[in-house]
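Participant: take this sequence and fold it.
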Amino acid sequence: MAIDWAMWRRRRRRFDEEKDGKWWEETVGSHTGGRLDFTYPCTSLYSDGHAQPLTQPPSVDERIEDRREAAAWAHAVLDDPRMLILEVSTVGTFDGLTSPNHRAALCEIAVRTADGDLLMDTLVNPIWDPLPTKELATAGLNPRLVEDAPTFRKLRQEFQDLLAGRRVVSFGRSHVYSVLYCELEYHVWGDCLENSVLTIDHFGILDILGRSTFECAQLAYSRYRGRWNTDRHRLMLLKHPSRAASAAERSQTVLKVLQEMATQAPGRYLDLCRQAEEAERSGRSHRRVDTQGERRVRLSPARQAVLIRAGSQCENPSCLDSGYTHDVTDKGEPLLQVHHIDEHAQSGRDHPDTMIALCANCHDRVTRGRNHKQLNETFRAAAGAAHQKQAGMLSLTAE
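Facilitator: Now for the predicted structure:
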């Protein structure tokens, strides 16, 4: 059966059951002898066979570009007031014709904002009879609590309103989108339909899902990390960074992943520089604090900006071992130390143009080495040049 789907998309903005139902009856009914549902042959846009392995791992420049693009995406996502993080726990399968006791179903939902606020955190009764106690226990969920939880039917309107018009980020977009589709389908028919069956009500389901934009943190994070699968000759698709059973805890981890990536975004450098300059103007950058002796307040934005600029590399132009990309600190930061060209305790500036990221060896040389004064002047020129290059490049990009 040939249906002009392009015409269908052109003629509609939102699903209208009465008008679109009439069109469906005229178009589909004429091909099916009056039946208002049909099996539409599904064909994959691509398969594993289409994926061609790379002949060699990405170059350093390609990895840097992947990392920058992923970071820029995370920065844009966190700055978007429409963004929500959605994590779910599920049971069941998407494969083939399944009974209601095997269909993919939600058993937990967590929705979190970029500020970390939980807008929804609830268990969901998947309406299996009996409940899959073993599967729920494996997922770390209490079967009794799940049994007492509300069904998706009861939560649907609240959940639907919460996501409408939002930018929804999940770690595993395809899984989340698919299970929402299955739940909405089951809500309409109370049963599972054979694969490829299409009715007019499916356009209502797609209309509901189409009110949100679904994006994948898993793909972005995999590009950001750039880990190479030597067996399959391609980048690895990373597993969820959290082992927590709770969807709420996993959503918090996804937020931390986005924040980690966003700190490396190009525009972030200029933002941090502006924060450091504002602190200088206000006098906060040289406010004294009491310790065992006395020192001045050091600004976190200035330090973060220098680490972003360095990109995990020692900024000493003559460093013999500048590559520190193979490991990070327990906070996920590069194994680098930020050096003030002019002693901060002696009123030196706390600004990226007079600060430089150094490996432990180079930092030791400039603080305790016999040629530390000459080396410090070399670092002054290097820091100034690195700042001008980074700020100038980003200013041009912004224009």
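
Participant: which helices and strands sit right next to the host helix or strand of Gln252?
Facilitator: Following DSSP states H and E, the helix or strand that holds Gln252 is helix 247-262. In terms of contacts (3 or more C-beta pairs under 8 Å, 6 or more residues apart in numbering; DSSP states H and E), helix 247-262 is packed against helix 60-79, strand 83-91, strand 105-113, strand 118-123, strand 167-170, helix 217-225. Every residue, glycine included, has its C-beta placed from N, CA and C.

Participant: out of the ones you listed, which comes closest to Glu185?
Facilitator: When the helices and strands packed on helix 247-262 are ranked by proximity to Glu185, the top entry is strand 105-113, at 11.0 Å, counting by C-beta to C-beta.

Participant: now that closest one, how far from the centre of its chain.
Facilitator: 16 Å (C-alpha atoms, centre = their mean, to the nearest Å).

Participant: quick check: mean pLDDT of it?
Facilitator: For strand 105-113, mean pLDDT rounds to 94.

Participant: neighbouring strands for that strand, and are they parallel or not?
Facilitator: Sheet pairing for strand 105-113, assigned by DSSP bridges, gives strand 83-91 (antiparallel), strand 118-123 (antiparallel).

Participant: how about the helices in this protein?
Facilitator: Using DSSP state H, the helices assigned to the chain run over residues 5-11, 17-32, 60-79, 133-138, 143-148, 152-163, 173-189, 200-209, 217-225, 247-262, 266-282, 300-310, 360-368, 372-398.

Participant: report pLDDT for Trp5.
Facilitator: pLDDT, the model's per-residue confidence, is 46 for Trp5.

Participant: related to what we said a few turns ago, let's have the strands paired with strand 105-113 in CSV, adding distance to Val176, mean pLDDT and mean neighbour count.
Facilitator: CSV is the format used below for the strands paired with strand 105-113 (distance: least, C-beta to C-beta, whole Å; pLDDT from 0 to 100; neighbours: other C-beta atoms under 10 Å):
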stretch, distance to Val176, mean pLDDT, mean neighbour count
strand 83-91, 6, 94, 23
strand 118-123, 14, 95, 16
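
Participant: residue ranges in the chain under the pLDDT threshold?
Facilitator: Counting by pLDDT under 70, the chain shows low-confidence ranges at 1-51, 94-101, 190-198, 200, 264-267, 284-299, 322-334, 345-347, 393-399.

Participant: hang on, the earlier thing: Serialize the strands paired with strand 105-113 to CSV and add fields for distance to Asp66.
Facilitator: Formatted as CSV, the strands paired with strand 105-113 follow (distance: least, C-beta to C-beta, whole Å):
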stretch, distance to Asp66
strand 83-91, 22
strand 118-123, 32
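
Participant: nearest approach to Ser282 belongs to which of the ones you listed?
Facilitator: In this view, the strands paired with strand 105-113 are compared for proximity to Ser282 by C-beta to C-beta, and strand 83-91 is the closest at 30.7 Å.

Participant: distance check, Arg144 against Leu131.
Facilitator: Shown here: Arg144 relative to Leu131, a distance of 9 Å by C-beta to C-beta, to the nearest Å.

Participant: between the two, who's got more neighbours?
Facilitator: Ranked by neighbour count (other C-beta atoms under 10 Å), Arg144 and Leu131 place Leu131 first, with 18 against 11.

Participant: next, count neighbours for Gly283.
Facilitator: 9.

Participant: what does Arg232 give?
Facilitator: Close neighbours of Arg232, defined as other C-beta under 10 Å, add up to 11.

Participant: how long is stretch 354-367 end to end?
Facilitator: End-to-end span of stretch 354-367 (C-alpha to C-alpha, to the nearest Å): 15 Å.

Participant: circling back: would TSV of the helices of the chain with distance to Val88 be doable?
Facilitator: Converted to TSV, those look like this (distance: least, C-beta to C-beta, whole Å):
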stretch	distance to Val88
helix 5-11	29
helix 17-32	28
helix 60-79	19
helix 133-138	14
helix 143-148	13
helix 152-163	11
helix 173-189	6
helix 200-209	14
helix 217-225	14
helix 247-262	6
helix 266-282	30
helix 300-310	33
helix 360-368	44
helix 372-398	37
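
Participant: mind checking those helices for the one nearest to Gly116?
Facilitator: Of all these, it is helix 247-262 that lies closest to Gly116, at 6.2 Å by C-beta to C-beta.

Participant: may I see the buried residues of that closest one?
Facilitator: Of the residues in helix 247-262, 247-248, 250-255, 257-258, 260-262 count as buried by neighbour count, 16 or more other C-beta atoms under 10 Å.

Participant: what's the answer for stretch 302-316, then?
Facilitator: By neighbour count, and taking 16+ other C-beta under 10 Å as the criterion, the buried residues in stretch 302-316 are 302-316.

Participant: tell me the one of those residues nearest His372?
Facilitator: Within the buried residues of stretch 302-316, distances to His372 taken as C-beta to C-beta reach their minimum at Asn316, with 12.6 Å.
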